[in-house]
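Asker: here are the coordinates; sequence isn't available:
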Ligand SMILES: CC(C)(COP(=O)(O)OP(=O)(O)OC[C@H]1O[C@@H](n2cnc3c(N)ncnc32)[C@H](O)[C@@H]1OP(=O)(O)O)[C@@H](O)C(=O)NCCC(=O)NCCS
């Protein structure tokens, strides 16, 4: 919970949350999400949302993780990443996503990973393709169209 204020500051940047949350996140909603994330660590070992720490300074610069969802009745694991704007454009998003993918395939032995991305979110699309993910289909999530990218171990 010590990361709550840093997480709220991250979500308070309209550019950062633009393609992830349709509405602004309040401090209370951020707290509820963080409580949920902490619960996931216990209930789904190996999965969840994690603080992203800049090694040189120890600064909280974002959140990333592997999240389990059921999408169109199929169990899926999503690679998710979000960085403070100050750290965009240095290859960190790709570095984070590659580390998550490696962890998912090698440690958790997952057969498949996905990214769900807003059509307009070119930076995130580039991160997914940098991972070797391929475009699978467009989905209607109820919050507008999203692109499903995926990678399986045999790709
Ligand atoms: C997505 C995100 C993590 C990318 O982080 P990043 O550290 O800037 O990513 P990288 O530096 O590894 O760049 C990845 C690619 O996107 C491109 N890119 C970066 N920002 C871009 C932008 N605003 N518009 C278009 N392309 C962009 C880079 O040129 C790079 O392309 P390349 O690998 O083909 O050269 C970051 O933009 C972010 O936190 N966005 C807000 C949260 C979000 O939308 N998360 C994803 C939800 S699906």
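Answerer: Done, it's in. Predicted, not measured: the structure shown is a model, and the values here were computed from it.
Asker: And the helices in this structure?
Answerer: With helices called from DSSP state H, the chain shows them at 4-11, 14-17, 27-43, 92-102, 122-130.
Asker: Can you give me the buried ones in the third one?
Answerer: Buried positions in helix 27-43, judged by neighbour count with 16 or more other C-beta atoms under 10 Å: 30-31, 33-34, 37, 40. The C-beta positions use only the backbone N, C-alpha and C, and glycine is treated the same way.
Asker: relative to helix 4-11, how tilted is it?
Answerer: Helix 27-43 runs at 110 degrees relative to helix 4-11, counting by axes from the mean of the first three to the mean of the last three C-alpha atoms, to 10 degrees.
Asker: Tell me which residue of the protein lies closest to the ligand.
Answerer: residue 93 (2.3 Å; C-beta to the nearest ligand atom).
Asker: I figured residue 24 was touching residue 17, is that so?
Answerer: Yes - because the distance of 7.3 Å satisfies C-beta atoms under 8 Å, residue 24 is recorded as touching residue 17.
Asker: that older thread, quick one, grab the pLDDT at the residue of the chain closest to the ligand.
Answerer: For residue 93, the pLDDT comes out at 98.
Asker: swap in residue 10?
Answerer: According to the model, residue 10 carries a pLDDT of 97.
Asker: Do you know the pLDDT at the residue nearest to the spatial centre of the chain?
Answerer: For the chain, residue 80 is the residue whose C-alpha lies nearest the centre (C-alpha atoms, centre = their mean; 1.4 Å). pLDDT recorded at residue 80 is 98.
Asker: and it, what are its bridge partners?
Answerer: Residue 80 has these beta-bridge partners by DSSP bridges: residue 65.
Asker: Could you double-check that it sits in contact with residue 69?
Answerer: No - the pair residue 80 and residue 69 does not pass the contact test of C-beta under 8 Å, sitting 10.3 Å apart.
Asker: how much space is there between the residue nearest to residue 83 when sequence neighbours are not counted and residue 5?
Answerer: Nearest residue to residue 83 in three dimensions, chain neighbours excluded: residue 62, at 3.9 Å (C-beta to C-beta, 6 or more residues apart in numbering). Separation of residue 62 from residue 5 (C-beta to C-beta, to the nearest Å): 14 Å.
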